[in-house]
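A.B. asks: give me the fold of what follows.
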Amino acid sequence: MADAPLRGVMIGAGTFAMYHIDAWNRLPDVRITAICDVDPIRADDLAQRHGISARFTDWREMIDAQEPDFVDIVTPPEVHADQCRHAAAHRAHIICQRPLAPTAADAAELVADLAHAPVRLMVHENWRWQPWYRVAHDLLAAGRIGDPTTLSFRMRTGEGWGADADADADPDVAERPNLLLQQVGVHFAEAFSLLLGQITSVYARTHRSNPHVKGEDAAVVVFGFEDGPTAILDASRYNESTAADPLLTFGTMRVDGTAGHVLLDADGGLTLHPLGGIPEVVDYELPEHGFAGDSVHATQRHFVQSLRSGLPFESEAVDHLRCVEIIEAAYASAATGQAITLT
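C.D. replies: Predicted coordinates:
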């Protein structure tokens, strides 16, 4: 007899939560039984659109009443630790949006606290599941460009130049003292680590162009890797892109190696160019549904498959801690003007 569907609940009904609930609804062995949000109108709206009858404004009350198999946390990082601990106390597995906590120290404390709990914790890091990174990883692993030497990524999204500075998607964006690197830099650290291995040093320069925000809206970061490659992130949420959807890939990427290079364009296209050879378009499936190549669905499918099989998550919580540490090092570098070496 087939296993019963996993019963899950969601905390948070904000902008990104719609991608989560859509992905859960397309997984045949999952059933979301309740949604919670401090704004009852927002919770009602998301629940009604997806056929969920139970709505709450108190997440403790929801977990206590529903006794779910897992909890999906889609809330600001300031409340993640309390929500994760409460879920673990009720023997519910956890998938939590990043970052796990506002600081690396807080996140490390949470992971340590949950290490011996009878539940599993996975950080919802969907960028490593974006299909262009998966395919690029496979090309590099197969030696198609030889030994990787340099990665360069240019991000221009343009959502942060106005007086509202993307306040519709993130109401607190103007008040965040750390902005671009904390918001998306941690994703790039994860994706670059997937492609090139362990990051061991960081040098960063940050800039603020929009006077309506407190945090940085542009940065250039140089990442050094354990096996020798270097990655450069040249990112701005202030200046615009000419891409049809700047938030699909968030920009363009080139990975150079000893035998050629791989190019990612802003529309998700990949091109492989062997040294001295003819460039070839890499044919791969690029879903149009969902967020960024349906990466949220791929992330949540992996979570469910790992729970069912008992196998480790591809990226465990300790890997996320490393990415948070890298971003804190980038801020320290920008403040001091010095490169930071990571142990």
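
A.B. asks: give me the most central residue, this protein.
C.D. replies: residue 125 (3.5 Å; Cα atoms, centre = their mean).

A.B. asks: buried stuff in stretch 242-257?
C.D. replies: 243, 246, 248-257 (16 or more other Cβ atoms under 10 Å). All C-beta spots, glycine's among them, are computed from the backbone N, C-alpha and C.

A.B. asks: so which of the residues you listed are in strands?
C.D. replies: 252-257 (DSSP state E).

A.B. asks: from the buried residues of stretch 242-257, which two are the most distant?
C.D. replies: The span of those, defined through Cβ to Cβ, is set by 246 and 257 at 27.3 Å.

A.B. asks: tabulate the ones in strands among the buried residues of stretch 242-257 (JSON lines), appending pLDDT and distance to residue 42.
C.D. replies: Conversion of those to JSON lines gives the following (pLDDT from 0 to 100; distance: Cβ to Cβ, whole Å):
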{"residue": "252", "pLDDT": "98", "distance to residue 42": "35"}
{"residue": "253", "pLDDT": "98", "distance to residue 42": "35"}
{"residue": "254", "pLDDT": "98", "distance to residue 42": "41"}
{"residue": "255", "pLDDT": "98", "distance to residue 42": "40"}
{"residue": "256", "pLDDT": "98", "distance to residue 42": "45"}
{"residue": "257", "pLDDT": "98", "distance to residue 42": "47"}
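
A.B. asks: which one of these is nearest to residue 342?
C.D. replies: For these, the nearest to residue 342 is residue 255 (21.6 Å; Cβ to Cβ).

A.B. asks: the closest one is in contact with residue 272, isn't it?
C.D. replies: No - using Cβ atoms under 8 Å, residue 255 is not in contact with residue 272; the gap is 10.1 Å.

A.B. asks: what sits in contact with each of those two?
C.D. replies: Residues touching both residue 255 and residue 272 by Cβ atoms under 8 Å, 6 or more residues apart in numbering: 145, 262.

A.B. asks: so where does residue 62 fall, helix or strand?
C.D. replies: helix 59-66 (DSSP states H and E).

A.B. asks: could I get the buried residue list for that helix?
C.D. replies: Going by neighbour count (16+ other Cβ under 10 Å), the buried part of helix 59-66 is 59, 62-63, 66.

A.B. asks: ok, residue 340 touching residue 334?
C.D. replies: No - look at residue 340 against residue 334 with Cβ under 8 Å: they stay out of range, at 9.8 Å.

A.B. asks: which neighbours do these two share?
C.D. replies: By Cβ under 8 Å, 6+ apart, no residue touches both residue 340 and residue 334.

A.B. asks: stretch 42-62: how far from the chain's middle?
C.D. replies: Put simply, stretch 42-62 sits 24 Å off its chain's centre (Cα atoms, centre = their mean, to the nearest Å).

A.B. asks: buried residues in that stretch?
C.D. replies: 42-43, 45-47, 52, 55-56, 59, 62.

A.B. asks: fine, thanks again, bye for now.
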